[in-house]
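In: Prediction below, plus the sequence it came from.
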Amino acid sequence: MAKASEIWTGSVLRINGELVSVEEYIHRTPGNLRAFYQARMRNIKTGKIVEYRFRPDEEVTFARVETNDYQYLYEDGDYLVVMDNETFEQHNIPKLLFGDSIKFLKESMTLTVAFESDEPIIAHLPKSVELLVTYTEPAVKGDTATSALKQATVETGAEIRVPLFVNEGDKIKIDTRTGDYMERVR
């Protein structure tokens, strides 16, 4: 058990039997009232946002979370099989943990997975990936008064919006959190 004053942004706590990730943590000292800590937390299983106030001397339970990088090997139904590069141990990670960013996943990519007592609880791709454009319509001249975008399909099958100057065969950088085009890679 630890005190509420030891919590930091990014820590994983067990509150009422549920795992929550602290997204924002602020110490408040209102006028002539007692000080408290205000936390905005996300339930790891449901994704629901919860706000909670801690007294400074309140005891909390930190979850023992181990985060490591793994290499993606292949897809197995509703799971992705990943391998630890040091021990060569393989794990099955549910696809649901990746959310919408899974559409940018390709073989041999390095993924970050957090485990709490041998159960995967958090997983995500790198912040950006470089993918090859496999299909896009040719640009229409004269349609450049604004920052016009067009549809493009990348090598993983995902469709994104790209600027008019991007052509088939170009390699582009994509933000996996939002799915937005970042830049063309030379």
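Out: Ah, there it is.

In: Skip the chain neighbours and tell me the closest residue to E51.
Out: Ranked by CB to CB, 6 or more residues apart in numbering and with sequence neighbours excluded, the top spatial neighbour of E51 is R40, at 5.5 Å. Every C-beta, even on glycine, is put in place using the N, C-alpha and C of the backbone.

In: How about K103?
Out: A158 (4.0 Å).

In: per-residue confidence for the one you found?
Out: Each residue has a pLDDT score; the one for A158 is 93.

In: Same question for S11.
Out: At S11, pLDDT is 89.

In: farthest residue from the center of the protein?
Out: N32 (40.3 Å; CA atoms, centre = their mean).

In: Next, that one: secondary structure please.
Out: Three-state call for N32 (DSSP: H, G, I helix; E, B strand; the rest coil): coil.

In: where does the chain dip in pLDDT?
Out: 141-146 (pLDDT under 70).

In: Skipping adjacent residues, who's closest to the residue sitting nearest the centre point of it in space?
Out: Nearest to the mean C-alpha position of the chain, counting by CA atoms, centre = their mean, stands H124 at 4.2 Å. Distances taken as CB to CB, 6+ apart put T112 closest to H124, at 5.6 Å, once the chain neighbours are dropped.

In: so that neighbour sits right up against P120, yeah?
Out: No. The pair formed by T112 and P120 falls short of the contact definition of CB atoms under 8 Å, at 10.9 Å.

In: quick one, which of the two is more surrounded?
Out: Per other CB atoms under 10 Å, whichever of T112 and P120 has more neighbours is P120, with 18 against 13.

In: Report the beta-bridge partners for that one.
Out: F115 (DSSP bridges).

In: roughly how far apart are it and F62?
Out: Per CB to CB, to the nearest Å, P120 is found 18 Å from F62.

In: thinking again about what came up before, identify the residues contacting the residue nearest to E51.
Out: R40 makes contact with 22-25, 49-51, according to CB atoms under 8 Å, 6 or more residues apart in numbering.

In: give me the number of residues near Y70?
Out: Neighbours of Y70 using other CB under 10 Å come to 22.

In: partners of it in the sheet?
Out: D84, L111.

In: Am I right that it is in contact with L80?
Out: No. In this structure Y70 lies outside contact range of L80 using CB under 8 Å: 9.3 Å.

In: which residues are in contact with both of these two?
Out: 93, 111.

In: Would you quantify the distance from the closest residue in space to S117 that isn't next to it in sequence to P120?
Out: Leaving out its chain neighbours, the residue that sits closest to S117 by CB to CB, 6+ apart is R64, at 6.9 Å. From R64 across to P120, the span is 14 Å (CB to CB).
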